[in-house]
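J.: build me a model from this:
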Amino acid sequence: MLRLLIIEADDTQSEIYQMALDEYFTIERVADFSAASELIPHSDIVISDWEIGAQNVACLATHFTKQQPDDLPVLIVVTTDNRESSMIQAYNNGASFYITRPYKVIQFTESVLAVKNQIETVAQIRRDREQTALSTKTAIGQCTLYGMGMDLASALVLSQDMPAMAKKMLSTLRLNGIHAAIELRDTQNRILLDSDEKECDETLAETFSVLKHQGTCYRFGRRCMLTEGDMSLLLKHVVHSEDDLYETTIDVCRKLLVIAHAHYCQWRHREALQDTQAQIINLITANETETRARGLEDLTGMLDTASAPDENHEIRGARLLDLERF
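T.: Numbering: from 1, shown residues only. Below you'll find the model as predicted:
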């Protein structure tokens with residue numbers, strides 16, 4: 001509810017104002033200008049007599065003539081002084097309306113309520129403008145993040161090996177305000193890289209060991225561990241602290257991790273086929289019976305490993321299909 005300040009020495013007139021406007025405003029009443037000075041900055045509308053004692057409203061001009069008119073209270077002068085010079089002086093000192101007595105109470109009330117509606121309309125427009133600006137900023141931030149994700153997804157295809165792909169992911173994320181660490185695992189090796197593209201310390205390595213089994217997306221505080229098969233991405237710090245942008249960041253990183261893991265599986269399969277090919281060539285060219293037997297045994301083990309079903313294959317397939325939105 002808007003706040004109305006009444007500056008009126010006549011108690012009867014002041015009571016008339018209050019009875020007419022009490023249901024629309026929170027009302028304060030004072031009998032002189034000195035008492036009004038402290039209340040004016042906290043009021044939305046001020047109704048004042050032109051003269052009280054030896055002073056007139058001009059002594060309050062500093063409260064109504066500042067550089068930011070949207071933040072100023074509206075001054076309505078009500079008086080029996082109908083001189084043009086007094087009216088001009090009132091307007092020069094910040095008055096928005098100059099009403100002379102006698103007047104009809106209903107018309108006066110409607111005039112004050114019209115001012116009230118104008119103030120509320122302007123305030124609503126200002127709030128809408130601020131909300132629009134905030135929504136636009138958020139939308140631009142989301143578009144930037146998804147654009148970064150699409151560019152990075154395309155760049156991963158060109159990486160020569162898994163360490164290069166991991167470093168590309170970390171550097172691109174870091175440049176966009178996302179500080180992360182990554183872990184890649186297989187049966188023989190474990191690659192751990194921090195956001196500065198150097199090896200992780202023992203504490204961070206232990207964090208990966210503990211949290212990689214907590215599901216595909218595990219949140220703790222303002223951090224998040226994303227896991228996809230044999231890859232994990234730890235989001236340590238995100239510059240975009242707004243909730244909408246933070247959720248977008250997690251969504252982009254999850255999709256990137258699915259894509260990166262698909263490339264990781266391709267590289268591992270390719271390496272397995274290359275090793276198998278090398279073993280076959282060695283087996284064909286081997287002359288000794290014992291060497292042939294040992295080579296055949298190693299080859300059988302490799303083929304069994306390469307052809308073993310991947311229990312996460314269907315899950316990864318479903319997530320890759322979900323990337324159509326990306």
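J.: tell me if I'm right that Val77 and Tyr98 touch.
T.: Yes: at 4.9 Å, Val77 and Tyr98 qualify as touching, with contact defined as CB atoms under 8 Å. From N, CA and C alone the C-beta is placed, and that goes for glycine too.
J.: quick one: Asp49 from Ser37, how far?
T.: The spacing between Asp49 and Ser37, counted by CB to CB, to the nearest Å, is 15 Å.
J.: need the contact partners of stretch 144-161.
T.: 165, 168-169, 172-173, 176, 240, 245, 248-249, 252-253, 255-256, 259-260, 263, 267, 326 (CB atoms under 8 Å, 6 or more residues apart in numbering).
J.: wait, I meant stretch 233-251
T.: 138, 141-142, 145-146, 169, 177-183, 195, 204, 207-208, 211, 217, 222-227, 253, 256-257.
J.: which of those residues are buried? Put it as a PyMOL command.
T.: To isolate the buried members of the contacts of stretch 233-251 in PyMOL, using 16 or more other CB atoms under 10 Å:
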select buried, resi 138+141+142+145+146+169+177+178+179+180+181+182+183+195+204+207+208+211+224+225+226+227+253+256+257
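J.: out of the contacts of stretch 233-251, which are inside helices?
T.: If you go by DSSP state H, the contacts of stretch 233-251 have 138, 141-142, 145-146, 169, 204, 207-208, 211, 253, 256-257 in helices.
J.: ok, Asp49 and Ser37, which is more surrounded?
T.: Asp49 (22 against 14; other CB atoms under 10 Å).
J.: I figured that one hits Glu8, correct?
T.: Yes: using CB under 8 Å, Asp49 is in contact with Glu8, at 5.5 Å.
J.: pLDDT weak spots in this protein?
T.: Low-confidence segments of the chain (pLDDT under 70): 66-71, 241, 283, 286-326.
J.: give me the most central residue, it.
T.: Glu242 (2.8 Å; CA atoms, centre = their mean).
J.: please report the distance of it from Asp196.
T.: Applying CB to CB to Glu242 and Asp196 gives a distance of 26 Å.
J.: what segments of this protein are strands?
T.: Taking DSSP state E, the strands of the chain run over residues 3-7, 26-30, 45-48, 51-52, 55-56, 74-79, 95-100, 178-185, 190-193, 217-220, 223-228, 231-238.
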